[in-house]
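Peer 1: everything below, folded, please.
(one chain, ligands or ions: 2)
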Amino acid sequence: MESLALKPHTKASGTITLPGSKSISNRTLLLAALASGTTEIRDLLASDDTDRMLDVLQKLGIKLQKTGERDWQVTGNNGAFDIKQAELFLGNAGTAFRPITAALAFLGGDYTLSGVARMHERPIGDLVDALLQAGADIEYLGNSGFPPLKISPASIDASKPIKIRGDVSSQFLTALLMAAPLTKQTVTIEVIGELISKPYIEITLNLMAKFGVEVERDGWQRFVITANSHYKSPGRIFVEGDASSASYFLAAGAIGAGPVRVQGITKNSIQGDIKFTEALSKMDGNISWGDNWIVSKGPTNNKLKALNMDCNHIPDAAMTLAIAALFADGTTTLRNIASWRVKETDRLAAMATELRKVGATVEEGADYIRITPPEKLTPNAVIDTYDDHRMAMCFSLVSLGGVPITINDPGCVAKTFPDYFERFAQITQN
Ligand SMILES: O=C(O)C1=C[C@@H](OP(=O)(O)O)[C@@H](O)[C@H](O)C1
Ligand SMILES: C=C(OP(=O)(O)O)C(=O)O
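Peer 2: Ligands and ions are numbered 1, 2, ... in the order given. This is a model prediction of the structure:
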């Protein structure tokens with residue numbers, strides 16, 4: 001297996017232009033494909049997750065044209081896919097698998113949807129159960145409740161409210177919301193139990209509105225999409241820089257004195273992970289904002305403050321906090337993150353195992369992690385990354401503690417940030 005040896009550093013500074021947001025990119029691609037009219041997408045993320053979405057849309061007959069390094073033109077097909085039979089591979093992209101499942105279930109056709117082995121261990125039962133209530137025809141080709149899936153033509157009846165659980169992944173509700181206008185019926189969605197990762201629903205509603213569909217809502221419990229809703233191209237759409245990707249560089253600035261500046265995002269971002277900046281401020285990191293940028297610097301006394309935080313609203317960026325915890329003045333507890341267990345790997349187990357390799361004392365609970373930093377980080381740890389881009393990106397930050405560290409399978413960052421390590425090298429050159 002390939003591995004990357006990172007040299008020890010104590011300082012991080014410089015400027016990084018962020019890659020486009022994964023969450024915005026994949027939603028925008030799908031909405032543009034389902035809209036009437038042509039959409040110019042600027043600053044789309046180029047990564048494995050977006051490649052999976054582009055590939056699937058192309059297979060479904062959507063015309064996609066690359067018009068610049070990060071720019072695409074999508075010719076919408078007005079709420080339909082012309083290709084009615086296809087075998088689709090969605091890698092490990094949750095933001096592609098879940099919404100494509102819902103769209104195809106409502107539009108009908110003969111499709112199989114599969115992914116990498118880990119995707120076949122990531123639950124999808126709550127979404128399938130919701131789609132079945134409206135008459136969709138979906139079969140599990142492997143284990144019940146998990147991909148791969150077979151979708152067949154069906155007659156969809158949305159006259160009764162569709163109930164959906166949102167306590168395993170918010171992507172199920174996102175998928176149902178985005179697909180609802182395809183039924184051309186009024187769809188009422190009722191969320192059962194506690195919805196997790198709520199800010200991702202705001203991204204969904206925001207982008208649906210940009211494409212002309214306003215969703216009526218009653219808090220987080222009930223959403224109504226009326227029968228006359230259909231997606232229309234907004235013309236041109238700009239993808240913000242990825243707030244989760246920003247977290248590694250902002251943390252680097254706070255750990256390694258800084259200043260580190262990320263470009264392509266600011267305060268009014270529609271991404272929930274922008275709130276990572278609040279968590280970093282609570283740890284005494286210094287954050288400042290501008291037009292289209294954020295800068296982080298270290299605390300004046302050089303040590304970060306320990307944190308005790310409910311991280312349900314920022315599940316991805318919370319992993320970065322687990323690493324920042326290594327540089328804090330006491331024990332950090334990150335709570336309400338049970339969803340970590342069903343992402344690219346079991347992130348609670350993986351994070352605990354790898355943090356122990358660098359000397360931390362770690363308590364891992366069903367839905368929390370508690371991290372006490374060591375007096376001195378253990379040098380030369382060899383970190384396993386479990387095919388999880390965020391494990392690889394997070395652990396690069398340990399090198400800022402002045403210790404060499406080796407990252408196994410660094411190429412797994414391709415899921416959302418293919419040139420991460422080149423960018424990281426840019427801020428650790430001095
Ligand atoms: O909707 C989205 O774009 C996402 C939602 C989150 O997943 P969960 O809702 O499963 O927590 C997040 O972890 C994922 O990276 C992207
Ligand atoms: C959970 C993640 O990905 P996915 O969109 O596949 O759920 C992630 O990027 O951290």
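Peer 1: for Thr226, what are phi and psi?
Peer 2: Thr226 adopts backbone torsions of phi -80, psi 160, taken as degrees, to the nearest 10.
Peer 1: hmm, it is touching Thr186, no?
Peer 2: Yes: with contact defined as CB atoms under 8 Å, Thr226 counts as touching Thr186 (5.1 Å). In this view, the C-beta of every residue, glycine as well, is placed from N, C-alpha and C.
Peer 1: looking at the one residue in the stretch 51-200 of the chain that gets nearest to ligand 2 now. What's its pLDDT?
Peer 2: Ligand 2 sits closest to Gly94 of the stretch 51-200 of the chain, with a gap of 2.7 Å, by CB to the nearest ligand atom. pLDDT, Gly94: 98.
Peer 1: what's the answer for Asn430, then?
Peer 2: At Asn430, the predicted lDDT confidence score is 63.
Peer 1: ok, the residue in the stretch 1-150 of the chain that ligand 1 sits nearest to - how many residues close by?
Peer 2: Ranked by CB to the nearest ligand atom, the top residue of the stretch 1-150 of the chain for proximity to ligand 1 is Ser23, at 3.2 Å. Neighbours of Ser23 under the rule other CB atoms under 10 Å: 30.
Peer 1: report the rounded mean pLDDT for the helix or strand where it lies.
Peer 2: Using DSSP states H and E, Ser23 maps to helix 22-34. Taken as a whole, helix 22-34 has a mean pLDDT of 98.
Peer 1: check stretch 159-172 too.
Peer 2: Across stretch 159-172, the per-residue pLDDT values average to 98.
Peer 1: can I take it that Ala414 is in a helix?
Peer 2: Yes: counting by DSSP: H, G, I helix; E, B strand; the rest coil, Ala414 is located in a helix.
Peer 1: that older thread, what's the neighbour count on the residue lying closest to the residue of the stretch 1-150 of the chain closest to ligand 1 once chain neighbours are set aside?
Peer 2: The shortest distance from Ser23 to any non-neighbouring residue, by CB to CB, 6 or more residues apart in numbering, is to Ile203 (5.4 Å). Per other CB under 10 Å, the neighbour tally for Ile203 reads 21.
Peer 1: which other helices and strands contact the stretch of helix or strand Ile203 belongs to?
Peer 2: Per DSSP H and E: Ile203 is located in helix 199-210. Helix 199-210 makes packing contacts with helix 22-34, helix 171-179 when contacts are defined by 3 or more CB pairs under 8 Å, 6 or more residues apart in numbering; DSSP states H and E.
Peer 1: one more pass at 6 Å, please.
Peer 2: helix 22-34 (3 or more CB pairs under 6 Å, 6 or more residues apart in numbering; DSSP states H and E).
Peer 1: ok, residues contacting the helix or strand that comes right after the helix it packs on?
Peer 2: Following helix 22-34 in sequence order, the next helix or strand is strand 38-42 (DSSP H and E). With contact meaning CB atoms under 6 Å, 6 or more residues apart in numbering, strand 38-42 is reached by Thr28, Ala32, Asp71, Trp72, Gln73, Val74, Thr75, Ser233, Arg236, Ile237, Phe238.
Peer 1: would you mark the buried spots in strand 38-42?
Peer 2: Within strand 38-42, the residues that count as buried by 16 or more other CB atoms under 10 Å are Thr39, Glu40, Ile41.
Peer 1: of those residues, closest to Ile124?
Peer 2: Comparing the buried residues of strand 38-42 against Ile124 with CB to CB places Ile41 closest, at 26.7 Å.
Peer 1: name the nearest residue to that closest one, ignoring sequence neighbours.
Peer 2: Excluding the flanking residues, the one nearest Ile41 by CB to CB, 6+ apart is Trp72, at 4.7 Å.
Peer 1: what's the answer for Gln426, then?
Peer 2: Setting aside the residues directly before and after it, Gln426 is nearest to Gly14 in space (CB to CB, 6+ apart), at 5.5 Å.
Peer 1: great, nothing more from me.
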